[in-house]
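Chemist: fold the following and give me the result.
(4 chains)
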There are 2 protein chains.
Amino acid sequence: MAARDYGQFGGVTRAVELVGERWALLIVRDLLVGPRRYGELAAGLPRIPTNILATRLKELQEAGVIRRAPRSRIIVYELTPYGRELEPVVLALGAWGFKALDDPREEQVITPDSFTMDLRSAFRPEVARALSSTGYRARLDTPHQGGADLLIRVDGAKLDVSRGDAEVDLLFATGPGIHRLISGELAPERAIATGVVAVLSGRHELLERFATTFHIAA
Amino acid sequence: MAARDYGQFGGVTRAVELVGERWALLIVRDLLVGPRRYGELAAGLPRIPTNILATRLKELQEAGVIRRAPRSRIIVYELTPYGRELEPVVLALGAWGFKALDDPREEQVITPDSFTMDLRSAFRPEVARALSSTGYRARLDTPHQGGADLLIRVDGAKLDVSRGDAEVDLLFATGPGIHRLISGELAPERAIATGVVAVLSGRHELLERFATTFHIAA
DNA sequence: CCGCATCCCATGTGATACTG
DNA sequence: CAGTATCACATGGGATGCGG
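Modeler: Model (predicted):
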């Protein structure tokens, strides 16, 4: 049942046989952020039917992309080394798709893992290197996702995004509209003025640095 | 009907909504080689049902990935500039999938366009730069695909693959088994000895240069 | 609870036939 | 040649069940 084949023999064909099924690449995307439990994956993919999630996890294991790893009592899913090689693909695909984002519909949510990968896609190391190290904390207004903030640490050309609540230079709350800040359609001060971004602590001007550091032109 | 949505708002999600449907990325792959007529696409995707091809072409147009272009009487499909931005994604995905190729099944074919993209994925410009310019011609034993050979010209760090029958340094016939040459599992002389590659004209040793120029480690 | 498995129905897909 | 129409079937979506 798994890899429905295309009758062709080639790299792209093989790839879509392995990770081309519906939802598969989104599972990979979330696992690129870190190992996840079944329930965490389900929470990060709010609309996936549980049977599909179970099926995909099995298929991806057979494909050698992910594996089940016992973590002292509980089971987590994680990428294999081969699966992790999809990172540049997913980042490039995410950057491409980001440019086609239009205004979010009401039912669309931003999950922490999807936003994390978007930030990685949008990160400009060469720009960041020229700026001083900065810590951001983003509060996504996603009611059901557990209120953990995203900790975004930019240190030279290095980016680290994780969950946490450390002290940062700029703490802000935002939602789907932030993509217009990253695309450059919305200037930082406008983003604040229109409520797309709400600065909770820190200097407002740092949002400009954020928009410079993370950018994908439309 | 088109973009079945995932209820999420992010780059990867948007991308798979646009090009994640079955067959879509293979159509994009073939169009990355060049504009194609409806019938050419159908020939290059032997197992695609015609209604699916028609549906995907419409969806990809709506998505802004491809467009119909009238070429003096006949109509061809071609990538939009935005669609062409998928090239690095498809190349990276192809390189990734190439590593997972196992022995080809009997019914699997290599199409000229898929092989062209595999070569582009496997091309190592930095290696090629150090070698002298070389022209190869590959004859794929794909009965139904029209016998046109693939003309592979390597000039410094530049690669050009096209159909044609110019004079070249090495002319060889091959089939699916060639992936083991590119992956390094099969040494050039073994490829010739076992019949995976049949040299029709030119010096046999040039196949070694080919295998060095085009390489994706398993 | 978490991690799935089952069931049912709507929809997408695939093979073939057919038409402008 | 370039698609559309039709219909059987496989798959996905959503709710629900269930064992550890």
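Chemist: can you tell me which residues in chain A are near DNA strand C?
Modeler: A:4, A:37-40, A:49-51, A:54, A:57-58, A:68, A:74-75 (CB under 7 Å from any atom of the strand). C-beta coordinates here come from the backbone N, C-alpha and C atoms, glycine included.
Chemist: farthest-apart pair in those, please.
Modeler: Pairwise distances across the residues of chain A next to DNA strand C (CB to CB) peak at 32.3 Å, for the pair A:4 and A:74.
Chemist: can you tell me which of the residues of chain A next to DNA strand C is closest to residue B:29?
Modeler: Proximity of those to residue B:29 (CB to CB) peaks at residue A:4, which lies at 17.3 Å.
Chemist: surely that closest one forms part of a strand?
Modeler: No - per DSSP: H, G, I helix; E, B strand; the rest coil, residue A:4 lies outside any strand segment and is coil.
Chemist: report the contact partners of it.
Modeler: Taking CB atoms under 8 Å, 6 or more residues apart in numbering or on different chains as the criterion, residue A:4 is in contact with A:17, A:21, B:22.
Chemist: the second one contacts residue A:56, doesn't it?
Modeler: Yes - here residue A:21 lies in contact with residue A:56, judged by CB atoms under 8 Å, at a distance of 6.7 Å.
Chemist: of the two, which one has the most company?
Modeler: Neighbours were counted for residue A:21 and for residue A:56 using other CB atoms under 10 Å in any protein chain shown; residue A:56 has more, 24 against 20.
Chemist: mind checking pLDDT for that one?
Modeler: Each residue has a pLDDT score; the one for residue A:56 is 95.
Chemist: same deal with the one 5 residues further on?
Modeler: Model confidence at residue A:61, given as pLDDT, is 96.
Chemist: beta partners of residue A:154?
Modeler: Beta-bridge pairing for residue A:154 (DSSP bridges): residue A:134, residue A:159.
Chemist: that one contacts residue A:133, doesn't it?
Modeler: Yes - Residue A:154 is within contact range of residue A:133, at 6.4 Å (criterion: CB under 8 Å).
Chemist: compare neighbour counts for those two and give me the winner.
Modeler: A count of neighbours by other CB under 10 Å puts residue A:154 above the other of residue A:154 and residue A:133, at 26 against 11.
Chemist: distance check, the more buried one against DNA strand C.
Modeler: Per CB to the nearest atom of the strand, to the nearest Å, residue A:154 is found 32 Å from DNA strand C.
Chemist: okay, helices next: where are they in chain A?
Modeler: Taking DSSP state H to define them, one finds helices in chain A at A:11-19, A:24-33, A:38-44, A:50-62, A:81-84, A:87-98, A:112-122, A:125-130, A:179-182, A:188-193, A:206-213.
Chemist: what packs against the least confident helix or strand in chain A by mean pLDDT?
Modeler: Ranked by mean pLDDT, DSSP states H and E, the weakest helix or strand in chain A is strand A:66-71, scoring a mean of 93. With contacts taken as 3 or more CB pairs under 8 Å, 6 or more residues apart in numbering or on different chains; DSSP states H and E, strand A:66-71 sits against helix A:24-33, helix A:50-62, strand A:74-79.
Chemist: so the first one versus helix A:50-62, what angle?
Modeler: In terms of direction (axes from the mean of the first three to the mean of the last three CA atoms, to 10 degrees), helix A:24-33 departs from helix A:50-62 by 70 degrees.
Chemist: other residues contacting helix A:24-33?
Modeler: Helix A:24-33 has contacts (CB under 8 Å, 6+ apart) with A:19, A:36, A:41, A:44-45, A:48, A:53, A:56-57, A:59-60, A:65-66, A:77-79, A:83-84, A:86-87, A:90, A:93-94, A:111-114, A:116-117, A:161, B:6, B:8, B:12-13, B:16, B:20.
Chemist: any stretches of chain A with poor pLDDT?
Modeler: A:1-3, A:143-147 (pLDDT under 70).
Chemist: and the residue in chain A positioned nearest to DNA strand D, backbone torsions?
Modeler: Closest contact between chain A and DNA strand D, by CB to the nearest atom of the strand, is at residue A:49 (3.3 Å). Torsion angles at residue A:49 (phi, psi; degrees, to the nearest 10) stand at phi -70, psi 140.
Chemist: tell me how many other residues crowd it.
Modeler: Look at residue A:49: counted by other CB under 10 Å, it has 11 neighbours.
Chemist: ok, the one 5 residues further on next?
Modeler: When neighbours are counted by other CB under 10 Å, residue A:54 registers 13.
Chemist: next: residue A:15.
Modeler: Residues near residue A:15, counting by other CB under 10 Å, number 24.
Chemist: likewise residue A:199?
Modeler: By other CB under 10 Å, 18 other residues sit near residue A:199.
Chemist: show me what contacts it?
Modeler: A:170-172, A:192, A:207.
Chemist: returning to that earlier point: which residues are contacting the least confident helix or strand of chain A?
Modeler: Contacts of strand A:66-71 (CB under 8 Å, 6+ apart): A:27-28, A:31, A:35, A:57, A:60-61, A:75-80, A:83.
Chemist: mind running it again at 10 Å?
Modeler: The set of residues external to strand A:66-71 that reach it, using CB atoms under 10 Å, 6 or more residues apart in numbering or on different chains, is A:24, A:27-28, A:31, A:35-38, A:56-61, A:75-80, A:82-84.
Chemist: partners of it in the sheet?
Modeler: Taking DSSP bridges as the criterion, strand A:66-71 forms sheet pairs with strand A:74-79 (antiparallel).
Chemist: orientation of the strand it pairs with relative to helix A:87-98 in degrees?
Modeler: 80 degrees.
Chemist: wait, residue A:59 sits on residue A:65?
Modeler: Yes - Residue A:59 lies in contact with residue A:65 (CB atoms under 10 Å); the separation is 8.7 Å.
Chemist: so what's residue A:212 closest to, chain neighbours aside?
Modeler: residue A:127 (5.9 Å; CB to CB, 6 or more residues apart in numbering or on different chains).
Chemist: tell me who's in contact with the one you found.
Modeler: Neighbours of residue A:127 in contact, by CB under 10 Å, 6+ apart: A:154, A:157, A:209, A:212-215.
Chemist: ok, so of the residues you listed, who is nearest DNA strand C?
Modeler: Among the contacts of residue A:127, and counting by CB to the nearest atom of the strand, the member closest to DNA strand C is residue A:214, at 31.4 Å.
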